[in-house]
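Q: below is the sequence, then the predicted model.
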Amino acid sequence: GNGDYYSSGNDLNNFTNIQPSEMKKMAEDGAVLLKEFVGHFIDFPKPLIAVVNGPAVGICVTVLGLCDIVYASDRATFHSPFSQLGQSPEGCSSYLFPKIMGLAKANEMLLFNKKLTAAEACAQGLVTEVFPDRTFQKEVWARLEAYASLPENSLAVSKQLLRSIEKEKLHAVNSKECEVLKERWLSDECINAIVSFFQKKSKL
């Protein structure tokens, strides 16, 4: 990422700037787009390395479980406020987060909106390594340049061995998550939660 944030997640203005008659189509189109987006992470044949330079929210957090290495600045945070917004997990996080960090810690993030520091995310296995922000870019780029010199086919074959056994399961999880999320987007609970979020934000 560049700037202060890695990503602030999905643009929730979509929900406030749309006519009620268009909601169903928006939810259906959004679910298709999300399924394809996450599917590309699942199928990507080369190593995926995330370089998290600052706060990360939503989908950019959940797909980290599909990355092969996650480097983070010590000023990065990881937040997936799904229940706060009346939504549900995506990016295969409902399956991968409990595998990565254990059910108790995954519940804190995915059910109860806990925001993790970079150190916490690293301790729980979501992040590979944390670097001081002042040296972050320099240290990460040195590693990326070293990785770029490794034999390309060897990396791809090794990744396939590590990941292929889970691929079918991940696509099934992705499909189910998107189906549930589409229903959430159309629910009064979700719409009310998002409206409430913007009302609180406008008072700040």
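A: Yep, that arrived. A quick note: this is a predicted structure, and the numbers were derived from the prediction, not measured.
Q: only C-alpha atoms from now on, for both contacts and neighbour counts.
A: Fine.
Q: I'd like to know how far residue 25 sits from residue 160.
A: Distance, residue 25 to residue 160, using C-alpha to C-alpha, to the nearest Å: 36 Å.
Q: same check, this time on residue 69
A: 15 Å.
Q: circling back: compare neighbour counts for residue 25 and residue 160 and give me the winner.
A: residue 160 (18 against 11; other C-alpha atoms under 10 Å).
Q: ok, and the closest non-adjacent residue to that one?
A: Nearest in space to residue 160, with sequence neighbours left out and distances taken as C-alpha to C-alpha, 6 or more residues apart in numbering, is residue 45 at 7.1 Å.
Q: pretty sure the one you found contacts residue 161?
A: No: the pair residue 45 / residue 161 is not scored as a contact, 10.9 Å apart, by C-alpha atoms under 8 Å.
Q: so which residues of the protein form helices?
A: Using DSSP state H, the helices of the chain run over residues 13-16, 23-43, 59-62, 93-101, 103-110, 118-123, 136-148, 152-185, 188-203.
Q: could you say which of those is packed most deeply?
A: Neighbour counts (mean count of other C-alpha atoms under 10 Å) averaged over each of those peak at helix 59-62, with a mean of 22.
Q: low-scoring stretches of this structure, by residue?
A: 1-3, 11, 201-204 (pLDDT under 70).
Q: picking that back up, in TSV, list the helices of the chain along with distance to residue 84.
A: Rendered in TSV, the data for the helices of the chain read as follows (distance: least, C-alpha to C-alpha, whole Å):
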stretch	distance to residue 84
helix 13-16	15
helix 23-43	19
helix 59-62	15
helix 93-101	16
helix 103-110	10
helix 118-123	20
helix 136-148	31
helix 152-185	12
helix 188-203	7
